[in-house]
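Q: no sequence for this one, just the structure:
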């Protein structure tokens, strides 16, 4: 838990929830904080350094190695594949997808490029890299107004803006560049927003109940996500044919991206057609997070959800 991104505190909460819910008769869990300044195992408020040569720790003169890593790091380096490549080199099993799938889904632009090839509807988009000349007329001609400006590699709605004018596009670009050197500008899709978890459960791909997200804010930003400025309705009150369409698309996206482990994807419904926005491969696992809400609705409690993730790997 932890990480190097703006999502570090949310990750620490997710990690604490997993640690709390794991069955102590079956597992001997350790909380490992991976932070920019240190990699440490936390035991009763004391810190013990991780040996990065083999991802071990020495406690009371005994060297401990791990059978499995439960990845609860949102953002870098847990969700973008970096840490998973390291574990693969060391031969350590983990609860996430292989490192390439993690890197692909974390990069919004690359992920959209792949799903489009499989006929999945998405918003119109423009890509920019830091240093590119910005022509707002060209951007507006492609995506229209209002539009969304997003950092390419960031989560939890950090750095996202909704722009209603050329001036606001410029301000949004500046904001997004504070999070990432690559950005994505997308057309505004006018419709209901839904979020759906797809996981591996008992050896099969399972689509969890759908959540509809409504917010009093202009869009589902950080405040809406984590500070109570949104309503999350699980299960979403949708016509069955629309719900089935979402489930079918969600499973298809999970499959074509060769995913495994946890995922939660966001869609906008335009005339009943789900348009894919993005996939989170280390979704929030706190008490108030969407995927645990969906699992609960599917009669999967958190202890079972987390146990299944480890069992699947081992």
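A: Ah, there it is. In this text, all values refer to a predicted model and were calculated from it rather than measured experimentally.

Q: Now do the same for the host helix or strand of residue 269: mean pLDDT, whole number.
A: According to DSSP states H and E, residue 269 maps onto strand 264-270. Here strand 264-270 scores 97 as its mean pLDDT.

Q: Can you list the buried residues in that strand?
A: Residues of strand 264-270 classed as buried: 264-269 (neighbour count, 16 or more other CB atoms under 10 Å). From N, CA and C alone the C-beta is placed, and that goes for glycine too.

Q: and if you look at stretch 236-245?
A: Buried residues in stretch 236-245, defined by neighbour count with 16+ other CB under 10 Å: 236, 238, 242-243, 245.

Q: now the end-to-end length of it.
A: The first and final residues of stretch 236-245 sit 13 Å from each other (CA to CA, to the nearest Å).

Q: Can you give the distance from it to the centre of its chain?
A: Remark: stretch 236-245 is offset 23 Å from the chain centroid, using CA atoms, centre = their mean, to the nearest Å.

Q: before we move on, back to that, how far does the strand holding residue 269 sit from the chain's center?
A: What separates the centre of strand 264-270 from the centre of its chain is 14 Å, taken as CA atoms, centre = their mean.

Q: hang on, the earlier thing: compile the buried residues of strand 264-270 into a markdown table and extend it with columns for distance to residue 293.
A: Shown next, in a markdown table, are the buried residues of strand 264-270 (distance: CB to CB, whole Å):
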| residue | distance to residue 293 |
| --- | --- |
| 264 | 10 |
| 265 | 15 |
| 266 | 14 |
| 267 | 17 |
| 268 | 20 |
| 269 | 19 |
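
Q: now, which of the residues you listed sits nearest residue 92?
A: Residue 92 lies nearest to residue 264 out of those, by CB to CB, at 24.4 Å.

Q: Tell me who's in contact with that closest one.
A: The contact partners of residue 264, taken as CB atoms under 8 Å, 6 or more residues apart in numbering, are 195-198, 279-280, 283, 290-291.

Q: between the residues you listed, which is nearest residue 126?
A: In terms of CB to CB, no member of these lies closer to residue 126 than residue 279, at 20.5 Å.

Q: okay, the closest one: pLDDT?
A: Looking at residue 279, its pLDDT is 96.

Q: now the one 4 residues further on
A: The pLDDT attached to residue 283 in the predicted structure is 95.

Q: what distance separates the helix or strand hosting residue 198 from the middle of the whole chain?
A: Assigned by DSSP H and E, residue 198 belongs to strand 192-201. Taking the mean of its C-alpha atoms, strand 192-201 sits 11 Å from the chain's own mean (CA atoms, centre = their mean).

Q: elements contacting that strand?
A: Contact here means 3 or more CB pairs under 8 Å, 6 or more residues apart in numbering; DSSP states H and E; on that basis strand 192-201 packs against strand 204-207, strand 211-215, helix 240-256, strand 264-270, helix 290-297, helix 302-313.

Q: which other helices and strands contact the third one?
A: By that I understand helix 240-256. By 3+ CB pairs under 8 Å, 6+ apart, helix 240-256 packs against helix 108-117, strand 192-201, strand 204-207, strand 264-270, strand 273-280.

Q: Show me the one of these that comes nearest residue 56.
A: Minimum separation from residue 56 across the helices and strands packed on helix 240-256 (CB to CB) falls at strand 192-201, 27.8 Å.
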